[in-house]
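Colleague: pasting the sequence and the predicted model now:
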Amino acid sequence: MTSVGEELPPLTIPITRTLIVAGAVASRDYQDVHHDSELAKEKGSPDIFMNILTTNGLVGRYITDCFGERAVLRRVAIRLGAPNYPGDTMVLSGTVTSVEGDTAEVRVVGANSIGNHVTGTVAVTVPGEGT
């Protein structure tokens, strides 16, 4: 499967207006700060920004891309930090922190030009891949 300390390959994600708005709509998050630049600015933000549900989906995609089509997410625990604004890039990276049988725990960080957008841990099982 994998070993403790293994670093996953990074995933670079361009943060576009389309990604932010589509992610918000797909997750039924109609808060104006995720789709209306003018209203986001009125509320003190420099622009629209990504919602946590989109971030959560991107973290899940990152882990399943790294572990393969049989990977099953068991737990995703994330915390948001610096916002993802249009025109920026987020780079997801991960480090395996523990392995028990066919389940690994991965520490995930998604950084953009401002800082860490997301940090957290993901437990992933790959059936039949135990040590």
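Modeller: Now that the structure is in, tell me what you want to look at.
Colleague: use CA for all of it now, contacts and neighbours both
Modeller: OK.
Colleague: okay, now the unreliable bits of the chain?
Modeller: 1, 130-131 (pLDDT under 70).
Colleague: in it, which residue is most central in space?
Modeller: V59 (2.9 Å; CA atoms, centre = their mean).
Colleague: C-terminal to the one helix or strand it maps to, what's the next element?
Modeller: Using DSSP states H and E, V59 maps to helix 52-67. Once helix 52-67 ends, the next helix or strand along the chain (criterion: DSSP H and E) is strand 72-80.
Colleague: distance check, the nearest residue to I13 once chain neighbours are set aside against H117.
Modeller: Distances taken as CA to CA, 6 or more residues apart in numbering put M90 closest to I13, at 5.2 Å, once the chain neighbours are dropped. From M90 across to H117, the span is 8 Å (CA to CA, to the nearest Å).
Colleague: hey, what's in contact with both of those two?
Modeller: Shared contacts of M90 and H117, defined by CA atoms under 8 Å, 6 or more residues apart in numbering, comprise 84, 110-111.
Colleague: by neighbour count, which of these wins?
Modeller: N84 (29 neighbours; other CA atoms under 10 Å).
Colleague: so that one sits against M50, correct?
Modeller: Yes: counting by CA atoms under 8 Å, N84 touches M50, with 5.5 Å between them.
Colleague: can you spell out which helices and strands pack onto the helix holding V59?
Modeller: Helix 52-67 sits against strand 7-14, helix 17-26, strand 72-80, strand 116-125, with contacts defined as 3 or more CA pairs under 8 Å, 6 or more residues apart in numbering; DSSP states H and E.
Colleague: looking at the ones you listed, which one is packed in the most?
Modeller: strand 116-125 (a mean of 21; mean count of other CA atoms under 10 Å).
Colleague: so which other helices or strands are in contact with that strand?
Modeller: Helices and strands touching strand 116-125, by 3+ CA pairs under 8 Å, 6+ apart, are helix 52-67, strand 72-80, strand 103-111.
Colleague: try it again with 10 Å
Modeller: Strand 116-125 sits against helix 52-67, strand 72-80, strand 89-100, strand 103-111, with contacts defined as 3 or more CA pairs under 10 Å, 6 or more residues apart in numbering; DSSP states H and E.
Colleague: in a markdown table, list the ones you listed along with distance to G5.
Modeller: Formatted as a markdown table, those follow (distance: least, CA to CA, whole Å):
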| stretch | distance to G5 |
| --- | --- |
| helix 52-67 | 15 |
| strand 72-80 | 19 |
| strand 89-100 | 5 |
| strand 103-111 | 9 |
